[in-house]
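J.: model the structure of this input:
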Amino acid sequence: MRWVRDPLLVVEGLTMRFGGLTAVRDLSFSVGRGDITALIGPNGAGKTTVFNCITGFYKPTSGLMALSTGGPVRLDEVAALASTGHRYKCVDDQIGADGVFLLERMPDFEIARRARVARTFQNIRLFSGMTVLENLIVAQHTPLMRASGWTIKGMFGALQYRQAEAAAMKRARYWLEHIELTHRADDAAGSLPYGDQRRLEIARAMCTDPVLLCLDEPAAGLNPRESLELNTLLRTIRDHHATSILLIEHDMSVVMEISDHVVVLEYGLRISDGTPESVRNDPKVIAAYLGVDDDEVAQVEAEVGL
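T.: Below you'll find the model as predicted:
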């Protein structure tokens, strides 16, 4: 269980309140390095709120979210860093350097740039008027601008910028091949079928070279063939790109087929945490999805023929 022996991300005591409403309460879980971790639960369980905290869209009311790109999260090292009041500790101060990052202290742009966390949303957010290829190039805006000296070197075609431009194009074409859209590279992204747009959005996120990819309902609206293509893409990302995946998903066929680790929420509380098989057979999980109390599970299962 990599989420125990080699965690990339450790969430401890996460609480998020909106006035008098507590959306997430004292939540703790970990994401294993090289795992696909699914965060599931009924509507309103607090899943997207957790994503928004991890990626910096919300600042949690309390709790710790530690991500380590250089090795397993060590709580003693995290505690020492927290005591200094700093947000992260890197081997050096270069962007992308390995280190320990306290996500709850970092603004969203630093979480994306320094801690290398990328995400997609429930609603597709492509640049629909740009071409498919341009969507993948624009995701690499930061290294291109850095190589251009913030436009000057780019304007004069400096060698450093031309090399960065070539690398960005190579990466974009690599992902075009992996999502099988090379033949649509010059088409507007908004003209693609829905399933292709989903895969393009994931490929665009991968062009930022993340260590953690957060996907919010990536299978929503997909037909069975498109879901199969999505599963293949996510396995490829996990197995060949040193990227851990944390996903929210309501399609249990996707969750149970590709996940290494499943965390279940109900009303902002963790009610189950383990392998897909253990979670599938957990009475608390069955009760949450059926909308009944734990002691009524057997009766309801018998009534509906489960």
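
J.: Val254 sits in which helix or strand?
T.: Assigned by DSSP states H and E, Val254 falls within helix 252-258.

J.: strand partners (parallel or antiparallel) of the helix or strand following that helix?
T.: Going down the chain from helix 252-258, the next helix or strand is strand 261-266, by DSSP H and E. Here strand 261-266 is paired, per DSSP bridges, with strand 36-40 (parallel), strand 269-274 (antiparallel).

J.: just those: most buried one?
T.: Ranked by mean neighbour count, those are led by strand 36-40 with a mean of 26 (mean count of other Cβ atoms under 10 Å). No exception for glycine: its C-beta is placed from N, CA and C like everyone else's.

J.: the strands paired with strand 261-266: which one's closest to Leu126?
T.: Closest approach to Leu126 among these is made by strand 36-40 (23.2 Å; Cβ to Cβ).

J.: for stretch 260-274, C-alpha coordinates in PDB please.
T.: Taking C-alpha atoms only, stretch 260-274 is exported to PDB below (Å, rounded to 0.1, in the frame of the first residue of the first chain):
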ATOM      1  CA  ASP A 260      -5.400   1.600  -6.300                       C
ATOM      2  CA  HIS A 261      -6.800   3.400  -3.300                       C
ATOM      3  CA  VAL A 262     -10.300   4.700  -2.500                       C
ATOM      4  CA  VAL A 263     -11.400   7.300   0.100                       C
ATOM      5  CA  VAL A 264     -15.100   7.700   0.800                       C
ATOM      6  CA  LEU A 265     -16.700  10.800   2.200                       C
ATOM      7  CA  GLU A 266     -20.100  11.500   3.600                       C
ATOM      8  CA  TYR A 267     -21.200  14.900   4.900                       C
ATOM      9  CA  GLY A 268     -17.500  16.000   5.000                       C
ATOM     10  CA  LEU A 269     -16.400  13.000   7.100                       C
ATOM     11  CA  ARG A 270     -14.200  10.000   6.000                       C
ATOM     12  CA  ILE A 271     -16.300   6.900   6.400                       C
ATOM     13  CA  SER A 272     -14.000   4.400   4.600                       C
ATOM     14  CA  ASP A 273     -10.400   4.200   3.200                       C
ATOM     15  CA  GLY A 274      -8.700   1.300   1.500                       C
END
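
J.: could you confirm Arg25 falls within a strand?
T.: Yes - Arg25 forms part of a strand when assessed by DSSP: H, G, I helix; E, B strand; the rest coil.

J.: mind checking the SS state of the most centrally placed residue in the chain?
T.: Residue closest to the average C-alpha location in the chain (Cα atoms, centre = their mean): Cys214, at 1.0 Å. Following three-state DSSP, Cys214 is assigned to strand.

J.: I'd say it and Phe121 touch.
T.: No - using Cβ atoms under 8 Å, Cys214 is not in contact with Phe121; the gap is 9.6 Å.

J.: so which of the strands paired with strand 261-266 comes closest to Thr232?
T.: Using Cβ to Cβ, the nearest of the strands paired with strand 261-266 to Thr232 is strand 36-40, at 12.6 Å.

J.: that closest one - what's its average pLDDT?
T.: Average pLDDT, strand 36-40: 97.

J.: that strand: how far from the chain's middle?
T.: Centroid displacement of strand 36-40 relative to its chain, using Cα atoms, centre = their mean, to the nearest Å, is 10 Å.
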